[in-house]
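# Structure here, sequence nowhere to be found:
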């Protein structure tokens, strides 16, 4: 085992010197580094299912509830949900059966904070506080018995919680993280090979404030981290972003640096954590800024319903690297109600007066980022309140697109509430076909509707703002949880790096009166029927190939405002999309066909959040 204790004069190097309440940037160096023993040499974690041995994780002391300045009850419907954005019926596509389905770990704490990622042949899961385990991704067979993340360090660190597991497919490595309560530690372990049961390069960093609810992502120039450590009053609050030197960590460099910077938040208070964009598909090109996102709610004074984002640019070249964060940009969405109970008692259970935590205040993990021809996408979701009596919560989701570099806009949105049950702790991903999966927990006061794990989805060619697949129950709960409201605090959906089409999810459900976790996989198939069902029979839309392009013309549309025009291959895989404002009930636009093969393609013209959709076929001959 290689071990290095780093004693750096001035562990924090300030690149900007500001007073309290002003944005600032600084550089952190690891306070300790070593290469771990092989996991086979570490002691096994002894898991227990005895509820009396489980304890509530002590992170809630850092999570003050949000102060809501306005509400539907006091101030009117403007602070509620836009009814036109709510999906009030189940999708009509046949449910998709799970492919793999097996038990995860239960851990030793409330909540379990299940996190996991899929690799070429393995699935690695971690829970509070904080065993991780390597499974055969297909069969669920144990490849390596559970070990504590803290056991990778020597001497072993405390296993305090909030683990995150990532598979960095661009480097074929595994990343394990957790926080340390004593001394505000950030622990990061990066596998030295593609074997998650091998050795790890282990880094310890110190945060100025406690890094509660830390969330990580993979980007071209670093591992990006956000957390719940906002400082200052809500009207002048600052969040903090951390970026860790990915290239140096992958090389096992002892002095891998981290650069951290604050940014203005404004309008929010209490529990809050933005999400950094997490690359899937292809890695962003060098020098691409990393965007990070959070939702805003008009129930916060001075805020509007929508999403804000900043862009972080890191320069690792100088000895003292820099991180520059742009001012926040606001994206407006349809109205939603993001309020929640200050006691965190939000989700009903059958036959019990104990409510569960609805995880209000944050968009839930992760903010998947994908690159496409002509645009990029990010998916976000968070919890919203539907009714207070009876108490029902649902999932608000959005797809953002970047068609102009650096500028993100809303492409589609919806609130998934197809019945009177509560759904929460969502996690989303988009596959290589552009289809979207939404995985979540579900519960209600109805008899037998115990907290369970479910999923739905939509094809890229389906009507915007809707989940068109009927809900599938991946793992049914068998009881309600008593005595404590902690649940989640998050779940994780990842995409198989081999086929780019198989989703893997891990989340919490309730079994035997307490927390349990499950791991399952599925595909969204078929995803071609929806677009063919909408083929235009009214001759309102035409498309033809000429002069290296696909020319699209729409007339007599009888709709106004902004429409989306999308190009798909014949299998329903989206190639390009754009937004166009209708001029006199008509529009014209062109897609380049220079990089397209000969064949038949589909063009869709649609209006967001409505049933208006017209699709035509166009042939390209080369």
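Thanks, I have the structure now. Bear in mind that the values here come from a model prediction, so they are computed numbers and not experimental data.
# shouldn't residue 351 be in contact with residue 480?
Yes. Counting by CB atoms under 8 Å, residue 351 does reach residue 480; the two are 6.0 Å apart. Where C-beta positions appear, they are placed from N, C-alpha and C, glycine not excepted.
# Give the residue from these two that has the larger number of neighbours.
Using other CB atoms under 10 Å as the criterion, residue 351 and residue 480 rank with residue 480 on top: 20 against 12.
# which regions of the stretch 351-500 of the chain sit below the pLDDT cut-off?
Residue ranges of the stretch 351-500 of the chain with pLDDT under 70: 373.
# That one: strands as residue ranges?
Assigned by DSSP state E, counting those that start in this stretch, the stretch 351-500 of the chain shows strands spanning 367-372, 375-387, 392-404, 407-416, 422-430, 436-443, 452-458, 472-475, 492-495.
# and the last one, what other elements does it pack with?
With contacts defined as 3 or more CB pairs under 8 Å, 6 or more residues apart in numbering; DSSP states H and E, the packing partners of strand 492-495 are strand 115-118, strand 422-430, strand 503-511.
# who does the first one pair up with?
With DSSP bridges as the test, strand 115-118 is paired with strand 122-126 (antiparallel).
# quick one: the nearest residue to residue 419 once chain neighbours are set aside from residue 469, how far?
Nearest residue to residue 419 in three dimensions, chain neighbours excluded: residue 90, at 7.2 Å (CB to CB, 6 or more residues apart in numbering). Residue 90 sits 9 Å away from residue 469, taking CB to CB, to the nearest Å as the criterion.
# Same question for residue 286.
Using CB to CB, residue 286 is found at 38 Å from residue 469.
# and the residue nearest to the spatial centre of the chain, what does it touch?
Nearest to the geometric centre of the chain sits residue 366, at 1.5 Å (CA atoms, centre = their mean). By CB atoms under 8 Å, 6 or more residues apart in numbering, the contact set of residue 366 is 215, 217, 275, 278, 427, 492, 493.
# Leaving out sequence neighbours, find the closest residue to the second one.
Leaving aside its sequence neighbours, residue 217 sits nearest to residue 278 (CB to CB, 6+ apart; 3.7 Å).
# Just grab the bridge partners of that neighbour for me.
residue 368.
# surely it meets residue 367?
Yes. Contact criterion CB under 8 Å: residue 278 and residue 367 qualify, at 5.8 Å.
# what is in contact with these two at once?
With contacts defined as CB under 8 Å, 6+ apart, the residues shared by residue 278 and residue 367 are residue 217.
# ok so, going back, quick one: which of the helices and strands packed on strand 492-495 is nearest residue 264?
Nearest to residue 264, of all the helices and strands packed on strand 492-495, is strand 422-430, at 27.3 Å by CB to CB.
# packing partners for that closest one?
When contacts are defined as 3+ CB pairs under 8 Å, 6+ apart, strand 422-430 packs onto strand 367-372, strand 375-387, strand 392-404, strand 436-443, strand 492-495, strand 503-511.
# between that strand and strand 407-416, how many degrees?
Inter-element angle recorded for strand 422-430 and strand 407-416: 140 degrees (by axes from the mean of the first three to the mean of the last three CA atoms, to 10 degrees).
# Helix, strand, or coil at residue 182?
Under DSSP: H, G, I helix; E, B strand; the rest coil, the three-state class of residue 182 is coil.
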